[in-house]
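*Asks:* My questions concern the predicted model and sequence given below.
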Amino acid sequence: MKKIKVIVANLVLVFFCGPVSADVVFDGRFNEGNFSRYAAVEANGKAINAALTPFGIPGHLERMVDPAGSGKVVMRATRWFGDVSTSGGFRSEVSAPKDPMGSERWYSWSYFLPDSLRSVKNEIVIAQIQSLVDVGESNLRYPTLSLVVQDDRIKLSNSFDYDRITSPLGTSPKPGIDFERRELASWTLDTEKWTSLDLHVKWAADNTGFLEFWKDGVLLFQEANHINTFNDELGVWFKTGTYVFPTQSTWPSVTTYSSGVKIGDGGETFQSMSMSVVPEPSIYLMMMVGLFGVGLRVYGRVGRQDRLGI
């Protein structure tokens with residue numbers, strides 16, 4: 001009987017520890033720390049190494065208590081009327097470290113949009129995946145992935161290209177000609193509440209890529225064996241905050257809120273990564289229920305054999 005208990009205990013350890021090594025490669029949640037963990041902050045004409053500005057950029061990128069009342073610390077990103085252009089656009093954004101081309105990654109984060117956003121009619125990017133163009137290539141193109149507020153909708157769009165050079169330096173690449181652009185998912189704009197998002201992807205500039213996307217625990221998009229990024233040697237990186245498009249300084253002031261992003265490698269799972277308030281059933285719970293049932297059956301069989309003197 002003792003031997004059976006040891007076997008069951010070892011099975012439990014295998015299921016909980018797992019044969020696959022998982023790792024959170026970056027934790028940028030603002031409740032866990034300040035801006036210094038990010039690679040860069042950009043706002044009002046400033047693009048700064050985040051390690052040099054742990055408290056962000058006052059008035060533009062700040063840590064504050066959750067406006068929804070949870071007591072947690074989040075990021076407030078404000079693009080003000082009259083701001084100076086930063087890195088070619090009017091933005092208040094933070095950038096996570098780069099992820100290599102071909103890497104498998106999980107990205108989990110949440111956003112909160114105030115009611116005042118409903119009166120802003122131009123496009124607002126609240127998260128994006130950017131890639132660094134290669135030498136001799138134009139940087140006048142859409143991000144690899146973008147989360148955009150437009151016309152009372154939130155839209156997730158993907159841009160990609162197989163070619164090494166999408167278009168030459170100084171030219172403006174055209175969707176449908178120089179690269180492909182598609183909408184993966186969209187939903188109604190909800191304000192004054194947090195929305196949780198999860199992205200699981202293998203970044204690939206060929207048909208070995210895959211992509212899965214959840215909103216509040218509900219799978220909205222799933223695809224395998226498909227290209228999902230530009231063919232750029234130096235990889236991609238996650239950005240979140242406020243980017244107003246078209247990029248004109250006369251557009252009104254805009255504020256958005258972000259939890260900050262948590263990034264995991266391919267060993268992570270939806271259950272280990274998601275910030276969603278509506279999580280999927282835990283696979284580990286189901287495993288434990290199954291193991292408990294196996295243990296009961298084994299225990300009953302052994303007890304019956306003992307009673308029969310077998």
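*Replies:* That came through, no problem.
*Asks:* how far does the helix or strand containing residue 200 sit from the chain's center?
*Replies:* Residue 200 belongs to strand 194-202 when assigned by DSSP states H and E. The chain centroid and the centroid of strand 194-202 are separated by 5 Å under Cα atoms, centre = their mean, to the nearest Å.
*Asks:* mean confidence for it?
*Replies:* What strand 194-202 shows for mean pLDDT is 98.
*Asks:* CA atoms only for that strand, dumped as PDB, please.
*Replies:* The C-alpha coordinates for strand 194-202 follow below in PDB (Å, rounded to 0.1, in the frame of the first residue of the first chain):
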ATOM      1  CA  TRP A 194     -10.700  46.200 -17.500                       C
ATOM      2  CA  THR A 195     -10.400  43.800 -20.500                       C
ATOM      3  CA  SER A 196      -7.800  41.000 -20.400                       C
ATOM      4  CA  LEU A 197      -6.000  39.800 -23.500                       C
ATOM      5  CA  ASP A 198      -3.800  36.800 -24.100                       C
ATOM      6  CA  LEU A 199      -1.700  36.100 -27.300                       C
ATOM      7  CA  HIS A 200       0.200  32.900 -27.900                       C
ATOM      8  CA  VAL A 201       2.300  33.000 -31.000                       C
ATOM      9  CA  LYS A 202       5.300  31.600 -32.900                       C
END
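*Asks:* Paired strands for it, with orientation please.
*Replies:* Sheet pairing of strand 194-202 (DSSP bridges) gives strand 104-112 (antiparallel), strand 210-215 (antiparallel).
*Asks:* which residues touch the very next helix or strand once past the last one?
*Replies:* The reference is to strand 210-215. Using DSSP H and E, the helix or strand that follows strand 210-215 in sequence is strand 218-224. Residues outside strand 218-224 that contact it (Cβ atoms under 8 Å, 6 or more residues apart in numbering): 156, 184, 185, 187, 210, 211, 212, 213, 214, 278. For the C-beta atoms, the positions are set from N, CA and C on the backbone; glycine is no exception.
*Asks:* quick one: the helix or strand just after strand 218-224 to strand 104-112, angle?
*Replies:* Sequence-wise, the next helix or strand downstream of strand 218-224 (DSSP H and E) is strand 236-245. Inter-element angle recorded for strand 236-245 and strand 104-112: 30 degrees (by axes from the mean of the first three to the mean of the last three Cα atoms, to 10 degrees).
*Asks:* gap between strand 236-245 and the chain center?
*Replies:* The answer for strand 236-245 is 11 Å, by Cα atoms, centre = their mean.
*Asks:* What mean pLDDT does it get?
*Replies:* 94.
*Asks:* show me the residues around the spatially most central residue of the chain that make contact.
*Replies:* Centroid-nearest residue in the chain: residue 107, 3.0 Å away (criterion: Cα atoms, centre = their mean). Residue 107 is in contact with 129, 197, 198, 199, 201, 238, 261, 262, 263, counting by Cβ under 8 Å, 6+ apart.
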